[in-house]
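Novice: Structure for this input, please:
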Amino acid sequence: METLGVRPETTVMVSDSETDVKIARAGALQGIVLVNHGHSARPVATLGADAVIKHLHELVEGLALTREAQ
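Specialist: The predicted structure is shown next:
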């Protein structure tokens, strides 16, 4: 974020793991979108993301859901 000159509150992480959810929350990011086929022992839907998507083409809708979670 620093390299790109963006602030955490305007950043959304797209990822696939519980660790990344924790990082996004600790960094006070605007939101986190997880793909449901990630590297997680727990079901991705239970990890606390703002949105869960199955395919990349669902990302735009997932990003909209992160705003609703605010």
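Novice: Could I get the full set of helices for the chain?
Specialist: 18-26, 59-69 (DSSP state H).
Novice: Take these and write them to JSON lines, including mean neighbour count and distance to Glu9.
Specialist: The way it works is simple: take the backbone N, C-alpha and C, and place the C-beta from them, glycine included. Formatted as JSON lines, those follow (neighbours: other CB atoms under 10 Å; distance: least, CB to CB, whole Å):
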{"stretch": "helix 18-26", "mean neighbour count": "16", "distance to Glu9": "12"}
{"stretch": "helix 59-69", "mean neighbour count": "14", "distance to Glu9": "12"}
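Novice: Figure out which of these is closest to Asn36.
Specialist: helix 59-69 (10.8 Å; CB to CB).
Novice: now the helices of the chain in TSV, with mean pLDDT and distance to Asp50?
Specialist: Listed next are the helices of the chain as TSV, based on pLDDT from 0 to 100; distance: least, CB to CB, whole Å:
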stretch	mean pLDDT	distance to Asp50
helix 18-26	94	9
helix 59-69	67	4
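Novice: Mind putting those into CSV with distance to His39?
Specialist: Supplementary listing: the helices of the chain in CSV, determined by distance: least, CB to CB, whole Å:
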stretch, distance to His39
helix 18-26, 9
helix 59-69, 18
